[in-house]
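# give me a 3D structure for the following:
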Amino acid sequence: MPRPVLERLWVLVRSAAVGLLATASDLGSLMLLIHGLGLTKRAANMPSLLPGLLVQFIGNKFFAFDDRSRAIVRQGSLFFIIELVAFGLNVLLFDLLVSRTPIHEILARLLGTNIVYLGFSFPMWSFFVFRRKAR
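Numbering: from 1, shown residues only. The predicted structure follows:
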């Protein structure tokens, strides 16, 4: 049975809050790798996405979707597969934005990850990963 619209909206709001934490870890990692360790923007791109991925899974499972099921291995596997595709989309969008526009790397990351989150990740998590029962 589909969730009521307001409940789905509330899940999206909570997931977006988790996304803010994931974004902070992502941007912190990106800046550390570029400005602290001297990596190029392109070289820092992929590894800086990984901390946010962990924050996204844990935060969405337990907070956004309020999923208390013990299916963490199944959910983690599905989440990982979905996020592999999202990872590729994020890498591609970031690369396109920083190589073809004068946009700053932080704005490029924010824009790219938000497009991927709203257009791909959140819908996929909702349909395939975190499917709590309606109350």
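# element containing the residue lying closest to Thr101 once chain neighbours are set aside, please.
With sequence-adjacent residues excluded and distances taken as Cβ to Cβ, 6 or more residues apart in numbering, Thr101 is closest to Ala108, at 7.7 Å. Every C-beta, even on glycine, is put in place using the N, C-alpha and C of the backbone. Ala108 is part of helix 105-116 when elements are defined by DSSP states H and E.
# next one: Leu6
Per DSSP H and E: Leu6 is located in helix 5-31.
# buried residues in that helix?
For helix 5-31, the neighbour count (16 or more other Cβ atoms under 10 Å) marks 11, 14-15, 18-19, 22-23, 25-27, 29-30 as buried.
# possible to save those residues as JSON lines with distance to Leu49?
Shown next, in JSON lines, are those (distance: Cβ to Cβ, whole Å):
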{"residue": "Val11", "distance to Leu49": "23"}
{"residue": "Arg14", "distance to Leu49": "21"}
{"residue": "Ser15", "distance to Leu49": "17"}
{"residue": "Val18", "distance to Leu49": "15"}
{"residue": "Gly19", "distance to Leu49": "13"}
{"residue": "Ala22", "distance to Leu49": "9"}
{"residue": "Thr23", "distance to Leu49": "11"}
{"residue": "Ser25", "distance to Leu49": "10"}
{"residue": "Asp26", "distance to Leu49": "6"}
{"residue": "Leu27", "distance to Leu49": "11"}
{"residue": "Ser29", "distance to Leu49": "8"}
{"residue": "Leu30", "distance to Leu49": "9"}
